[in-house]
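Engineer: pasting a predicted model and its sequence here:
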Amino acid sequence: MVQYKFPIEDKEEAKQFINEIKDRYRYSIPLLQEYMLVNPTDKLVLPENSEVVEDINLTLPITTKKQLIETARLF
């Protein structure tokens with residue numbers, strides 16, 4: 001077992017740490033910043049401000065005329 005220096009700042013070291021604890025402990029990602037400062041997953045980091053989101057791709061069914069008109073007005 002490897003000894004870790006907390007908080008973990010290296011992504012590969014974070015993945016190794018998660019791999020070691022996954023069968024022994026219950027946890028949720030992200031871990032507290034006292035333990036890990038990096039994102040150990042391959043998912044993108046979301047911005048703190050939702051106004052910054054530039055690319056959104058939503059597929060929504062349009063089932064009524066009213067929804068069609070409202071959706072068209074967004075563009």
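Structural biologist: Done, it's in. Numbering: from 1, shown residues only.
Engineer: and the residue of the chain most remote from its centre, how close does it get to residue 75?
Structural biologist: Going by Cα atoms, centre = their mean, the residue of the chain most distant from its centre is residue 65, 35.5 Å out. According to Cβ to Cβ, to the nearest Å, residue 65 and residue 75 sit 17 Å apart. All C-beta spots, glycine's among them, are computed from the backbone N, C-alpha and C.
Engineer: now do the end-to-end distance for stretch 18-27.
Structural biologist: One end of stretch 18-27 sits 9 Å from the other (Cα to Cα, to the nearest Å).
Engineer: buried residues in that stretch?
Structural biologist: For stretch 18-27, burial by neighbour count (16 or more other Cβ atoms under 10 Å) applies to residue 18.
Engineer: what's the distance between it and the middle of its chain?
Structural biologist: 19 Å (Cα atoms, centre = their mean, to the nearest Å).
Engineer: touching stretch 26-41 from outside, list them.
Structural biologist: Contact with stretch 26-41 is made by 6-11, 14-15, 17-18, 21, 45, as judged by Cβ atoms under 8 Å, 6 or more residues apart in numbering.
Engineer: distance-wise, check residue 7 relative to residue 61.
Structural biologist: For residue 7, the distance to residue 61 equals 44 Å [Cβ to Cβ].
Engineer: who has more neighbours, these two?
Structural biologist: residue 7 (14 against 5; other Cβ atoms under 10 Å).
Engineer: how close does that one sit to residue 62?
Structural biologist: Relative to residue 62, residue 7 is positioned 47 Å away (Cβ to Cβ).
Engineer: now residue 37
Structural biologist: Counting by Cβ to Cβ - residue 37 and residue 62 are separated by 43 Å.
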